[in-house]
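# predicted model and sequence below, questions to follow.
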Amino acid sequence: EAGVAQSPRYKIIEKRQSVAFWCNPISGHATLYWYQQILGQGPKLLIQFQNNGVVDDSQLPKDRFSAERLKGVDSTLKIQPAKLEDSAVYLCASSLDQAGADTQYFGPGTRLTVL
Amino acid sequence: AQSVAQPEDQVNVAEGNPLTVKCTYSVSGNPYLFWYVQYPNRGLQFLLKYITGDNLVKGSYGFEAEFNKSQTSFHLKKPSALVSDSALYFCAVRDGVSSYKLIFGSGTRLLVRP
């Protein structure tokens, strides 16, 4: 079974530029998550989708971050404009559903460096 | 509010010795508890989870974890450590009643020396 796919793996941009990340979840998984992992910390949830609807985006900085999951499968996360503090690894995860017991499976992540 | 604490930034152990990585949690309802491992430049890899039932949970690569409700702990264990177990380990908790959000600890770096 194919895992969660993410691209690109690495991205370097200058502050105030824009960047987009792509995620393809495990086939059949209804729930998709985007996390931000700053060096030395655990992942922090940015946004959670159930199919193509947003369940939780309370920690998404909406003035600069946006995300969509068209057709309930692939998802993109965008940052515009980027700030230095956005340097982090952006992880995408998916689960069969959003029940508490469901396991989240993570992709390899995109390491973003903002100069 | 739910929270997770991993009190040790780093755990050092010799190969062949038993290892323990500590985790304590706080939730208002019944907890769902997870352990993940992260190797350099890789995403998080699922090891095991506790939902209900037997307090000793067995997972991948010989790891196990013991759920202790009275001490609100979910320590990760392995009887005999391997050098290849060296990685970053994350404990995570989800409140089974009030929230679907998975909250992660700050991580513990495990270093197994030959």
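On my side now, so go ahead.
# strands of the chain, start to end?
I went with chain A, as the question did not name one. A:5-7, A:10-13, A:19-24, A:31-37, A:44-50, A:53-56, A:65-68, A:75-79, A:88-95, A:105-106, A:110-114 (DSSP state E).
# look at chain B instead
For chain B, the strands defined by DSSP E cover B:3-5, B:10-14, B:19-21, B:24-26, B:31-38, B:44-50, B:56-58, B:64-68, B:73-78, B:87-95, B:103-104, B:108-113.
# around chain B, which positions in chain A sit nearby?
A:4, A:6, A:33, A:40-45, A:48, A:55-56, A:91, A:93, A:98-101, A:103-109, A:111 (Cβ under 8 Å from any Cβ of the partner chain). No exception for glycine: its C-beta is placed from N, CA and C like everyone else's.
# would you write a PyMOL line that selects the buried entries of those residues?
The buried residues among the residues of chain A next to chain B can be selected in PyMOL (16 or more other Cβ atoms under 10 Å in any protein chain shown) with this line:
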select buried, chain A and resi 4+6+33+42+43+45+48+56+91+93+98+100+103+104+105+106+107+108+109+111
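# neighbouring strands for the lowest-mean-pLDDT helix or strand in chain A, and are they parallel or not?
Every helix and strand in chain A was compared by mean pLDDT, DSSP states H and E; the lowest is strand A:53-56, with a mean of 91. Strand pairing for strand A:53-56, determined by DSSP bridges: strand A:44-50 (antiparallel).
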